[in-house]
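Asks: Sequence and computational prediction follow.
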Amino acid sequence: MTSIFILGSVVFLFAFTFFKIAAFKKVNPEQSWKKLFVVTLIDYLILIFGTLGTGILFNTIYSIAHN
């Protein structure tokens, strides 16, 4: 059961890294870093809730399947 959360955290790190690489490619030097920070924060929150939701869903399915 713990391996599901470990796998979720690895997927989270890869997805967050790819989001940030894409965001840095789109930022011009004259654009505001404040805007990039807001996008980073929103991406971070979306990925956290997605990871937690997926982990809870998989644990629920796993528990139901083994009862």
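Replies: Received the coordinates, thanks. Numbering: from 1, shown residues only.

Asks: Check what pLDDT the most centrally placed residue in the chain gets.
Replies: Ranked by distance to the mean C-alpha position of the chain (CA atoms, centre = their mean), the top residue is residue 47 at 2.5 Å. Predicted confidence (pLDDT) at residue 47: the value is 78.

Asks: One more: the one 10 residues further on?
Replies: The pLDDT attached to residue 57 in the predicted structure is 86.

Asks: how much space between it and residue 51?
Replies: Noted for residue 57: a distance of 11 Å to residue 51, by CB to CB, to the nearest Å. All C-beta atoms are positioned from the backbone trio N, CA, C, and that covers glycine.

Asks: still on that earlier bit, isn't the residue nearest to the centre of the chain right next to residue 14, touching?
Replies: No: under the criterion of CB atoms under 8 Å, residue 47 makes no contact with residue 14, lying 10.2 Å away.

Asks: per-residue confidence at residue 17?
Replies: Here, the pLDDT recorded for residue 17 equals 82.

Asks: following the helix or strand encompassing it, which helix or strand comes up?
Replies: Of the helices and strands defined by DSSP states H and E, residue 17 is found in helix 2-26. Proceeding C-terminally, helix 2-26 gives way to helix 33-65 as the next helix or strand, assigned by DSSP H and E.
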